[in-house]
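>>> Predicted model, plus sequence, below.
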Amino acid sequence: MSDYQAIYDAVNLNFSGASYLWQHAQQEIYAVSNELRRPSAVYRPTLSVDGNQWCALYGNDLQHGVAGFGDSPAKAMDAFDAAWRASIQPRKREVDELHA
């Protein structure tokens, strides 16, 4: 094996490793950017314990705010994200009154 071949092989190996590291870094950046766009990260609801569950609340109260409940802070934040994205469903009584 010539000296040239040994140097070529060593450099080629380093570039292959760098390519893997670059792809891994891109995946991590994508994952972090997705987490930072979650409603719970953007709006930063208040976390508190409500009975035997955690509550993530954005707003002054449950009536006028958005809330999520869970057995852990992470589950409460996930429920908050789902509640934030959910559309308001009319109450059955209001629907019945509209059609009366």
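Looks like it arrived, so ask away. Residues are numbered from 1 along each chain as shown.

>>> CA atoms for contacts and neighbours, from now on please.
OK.

>>> low pLDDT regions in this protein?
Scanning the chain with the threshold set as pLDDT under 70 gives 1-2, 4, 6-18, 90-100.

>>> can you give me the strands for it?
Under the criterion DSSP state E, the chain contains strands at 46-50, 53-58, 66-70.

>>> Run through who's touching the last one.
Contact partners of strand 66-70, identified using C-alpha atoms under 8 Å, 6 or more residues apart in numbering, comprise 53-59, 75-84.

>>> now do 7 Å
For strand 66-70, contacts defined as C-alpha atoms under 7 Å, 6 or more residues apart in numbering pick out 53-59, 76-77, 79-80, 83-84.

>>> one step back: would JSON lines of the strands of the chain with mean neighbour count and distance to residue 40 be doable?
Below are the strands of the chain laid out as JSON lines (neighbours: other C-alpha atoms under 10 Å; distance: least, C-alpha to C-alpha, whole Å):
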{"stretch": "strand 46-50", "mean neighbour count": "14", "distance to residue 40": "10"}
{"stretch": "strand 53-58", "mean neighbour count": "22", "distance to residue 40": "8"}
{"stretch": "strand 66-70", "mean neighbour count": "22", "distance to residue 40": "10"}
